[in-house]
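Asker: Have a look at this prediction, sequence included:
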Amino acid sequence: MQISEMSTEVAEQRLFRNNPMASKVLHLRNLPWLCTEEELVELCNPFGEIVFIKCNFGANRNQAFVEFAELNQAISMMSYYASSSEPAKVRGQTVYIQYSNQQEIVNYNKSAGAIAGNVLIVTMEGVQCSDISIEVIHVVFSAYGYVHKIATFEKGACFQALIQFSNSDIASEVKTALNGRCIPRDYTNPHLPVKGHSVIEGTSQSAVGPYGNKRVPESNVLLAFIKDMEYAVTIDVIHTVFSAYGTVLKIVMFEKNNGMHALVQYPDVITAATAKMYLEGHCIYDGGYCKLHLSYSRHTNLTVMGDSDKSRDYTIPETRVVAAPPAFTGWQPSAPAAPVSAAVQMPSYDPSRLIIPASSSTYPGQSLMPHSGPAYPATGAYSSTSAASLHASRLISLYGMHPGASGPSGSSSSQPHGYYQ
DNA sequence: AGCACA
């Protein structure tokens, strides 16, 4: 037996190390090489608001400090992993976490606030990654600024996305605007599924679509130019087509330079952006007739004078309450000489732009009609029961999903696929 | 795999 003396300092140090005092700063070690702040955010953010991260230090650049805003947030992370069967991991590698023996990270400008301010972490409630496409996320978040990168991943039962903006100002604006809100989505879009990790680089966004690259001032009002208007496009047709993406508040139609234009007002920019994404370049009627070209209007609130066949305010209660147009024949070419086939052929869109391909066989002959699906059966009657192809997923938190709270203890499985709020 | 910040 060998007994030696240990100084009280060393003893304290040992005890300290084995059982350090709680701190809102956590020390993480055994991180993968060149671990990014994003990876640490992904790991730690579910437990609270991260105030600062210092990573890539230590001899092997494999350690980090993460400071939470509140002590109890650090405690919740520690106790979560203390009782979890799964250790904390980054890139599959077990990470060892302890309370730091410092109470705060001192070397940063505290007035500057949060770290990595230009990246938001978005947690979506009741969704799986197969439910939402990166394109939808992209269009929703592009409404506020240029989106440089999007990474999506599954965290437990939660679907999360990291979204990088140009700067923290835009990111915080987005956070304020979208936190707790629902994003519109379309289950039937064939291009929704995105499995596992997916990253869109800002430089290659054009591969995703024509939208989003240009930094035009977004608006809740869309300006639609109807090209090649061989057939009648009534205000009801416009209303039907655009209602597939959200509540249409007002429509004003006007002619300019021998072309028909329509201003379509939605409640918010996101809805407008979504409609724009899905409708841009589509034809109202099959055969390339009445092609829509959409841009954001400079207006944000339309003035509708009275009620006419050229302008309408759907927010005025008595005017048009889900008013089914008496004879809604807009889908049939109105010109006598119209090629009948145009109304019978299947839509001939670029498949990548199809909105609801499944129903196009159900309701043949209607270009945008099939895309608004069962809401508008071939009879022309309105069905309010199966109203929408668009659904909403709630963004439950930007910068913070707390497992203890509404947590990943998913309601997702109980959600009927294809319809929920 | 074990505590930085000049």
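Answerer: That came through, no problem.

Asker: Please, which helix or strand holds residue A:298?
Answerer: Counting by DSSP states H and E, no helix or strand carries residue A:298.

Asker: Return the residues in contact with it.
Answerer: A:217, A:219 (Cβ atoms under 8 Å, 6 or more residues apart in numbering). In this view, the C-beta of every residue, glycine as well, is placed from N, C-alpha and C.

Asker: mind checking how far it is from residue A:218?
Answerer: 11 Å (Cβ to Cβ, to the nearest Å).

Asker: where do the helices sit along the stretch 1-150 of chain A?
Answerer: Remark: helices assigned in the stretch 1-150 of chain A by DSSP state H, counting those that start in this stretch are A:8-18, A:37-44, A:71-83, A:134-142.

Asker: can I get those helices in CSV with distance to residue A:174 and mean neighbour count?
Answerer: Listed next are the helices of the stretch 1-150 of chain A as CSV, based on distance: least, Cβ to Cβ, whole Å; neighbours: other Cβ atoms under 10 Å:
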stretch, distance to residue A:174, mean neighbour count
helix A:8-18, 41, 10
helix A:37-44, 16, 20
helix A:71-83, 22, 17
helix A:134-142, 6, 23
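
Asker: quick one: which of the ones you listed is nearest residue A:241?
Answerer: Relative to residue A:241, the nearest member of the helices of the stretch 1-150 of chain A by Cβ to Cβ is helix A:134-142, separated by 17.7 Å.

Asker: CA atoms of the closest one as CSV?
Answerer: Below are the C-alpha coordinates for helix A:134-142, written out as CSV (Å, rounded to 0.1, in the frame of the first residue of the first chain):
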residue,chain,number,x,y,z
ILE,A,134,-35.3,22.6,-49.4
GLU,A,135,-36.9,24.6,-52.1
VAL,A,136,-39.8,25.4,-49.9
ILE,A,137,-37.6,26.4,-47.1
HIS,A,138,-35.5,28.4,-49.5
VAL,A,139,-38.4,30.4,-50.9
VAL,A,140,-39.8,31.1,-47.5
PHE,A,141,-36.6,32.4,-46.1
SER,A,142,-35.5,34.2,-49.2
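
Asker: helices and strands around that helix, which ones?
Answerer: strand A:147-155, strand A:158-165, helix A:168-178, strand A:182-186, strand A:198-201, helix A:269-279 (3 or more Cβ pairs under 8 Å, 6 or more residues apart in numbering; DSSP states H and E).

Asker: make it 6 Å
Answerer: strand A:147-155, helix A:269-279 (3 or more Cβ pairs under 6 Å, 6 or more residues apart in numbering; DSSP states H and E).

Asker: Show me the shaky parts of the stretch 251-400 of chain A.
Answerer: Where the stretch 251-400 of chain A drops to pLDDT under 70, the residues are A:318-400.

Asker: make it 80
Answerer: A:317-400 (pLDDT under 80).

Asker: Test for you: state the pLDDT assigned to residue A:86.
Answerer: At residue A:86, the model reports a pLDDT of 94.
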